[in-house]
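Enquirer: using only what follows, build the 3D model:
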Amino acid sequence: MPATKRNYKVELNANLRIPVVVKDSVTKQVVDLTGYTAKLQARPTQDITSTPLYIDAAVGSGITLTDPVNGRLDVNIPKATIVELTFKVAYYDLTITGPTGTDRILEGNLTVSPGVAA
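Expert: Modelled structure (predicted):
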């Protein structure tokens, strides 16, 4: 399943919510995510090993399978995490892992916008 490319602007003093509906790239039907896990990683460059931002589907970690039967999940990055980010732009990908393996479903850039208000 090829990843969809999407870039997101991350407001420094706000929460970021990314709703996702996973669809099969061939049939265009939603993928039943029952039993799946998901994770998001972001890095300032695509070729380094450190991961400044890692979010997964563990309880309280930031990814919620909101309606797995209908392919829905939410990525939530809280303000407390965003204010700790040290990059201005990062490359990210969102992967799901299920019975048939791991698929990258979303990729792109996260651009941090510092704003002027504290």
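Enquirer: low pLDDT regions in the chain?
Expert: For the chain, applying pLDDT under 70 flags the ranges 50-51, 58-60, 116-118.
Enquirer: and the biggest strand by length in it, what does it pack onto?
Expert: Longest strand of the chain, by residue count under DSSP state E: strand 101-113. On a contact count with 3 or more CB pairs under 8 Å, 6 or more residues apart in numbering; DSSP states H and E, strand 101-113 meets strand 4-5, strand 8-11, strand 16-21, strand 89-98. Quick note: C-beta positions are derived from backbone N, CA and C, even for glycine.
Enquirer: what angle separates that strand from strand 89-98?
Expert: Angle, strand 101-113 to strand 89-98, by axes from the mean of the first three to the mean of the last three CA atoms, to 10 degrees: 150 degrees.
Enquirer: tell me what G98 is bridged to.
Expert: Beta bridges link G98 to G101, judged by DSSP bridges.
Enquirer: cool, and A42?
Expert: Per DSSP bridges, residues listed as beta-bridge partners of A42: L53, Y92.
Enquirer: what is the burial count for it?
Expert: A42 is flanked by 23 other residues according to other CB atoms under 10 Å.
Enquirer: surely it and L94 touch.
Expert: No: using CB atoms under 8 Å, A42 is not in contact with L94, being 9.8 Å away.
Enquirer: picking that back up, mean neighbour count for the helices and strands packed on strand 101-113 - can I get that in JSON lines?
Expert: Shown next, in JSON lines, are the helices and strands packed on strand 101-113 (neighbours: other CB atoms under 10 Å):
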{"stretch": "strand 4-5", "mean neighbour count": "12"}
{"stretch": "strand 8-11", "mean neighbour count": "15"}
{"stretch": "strand 16-21", "mean neighbour count": "15"}
{"stretch": "strand 89-98", "mean neighbour count": "18"}
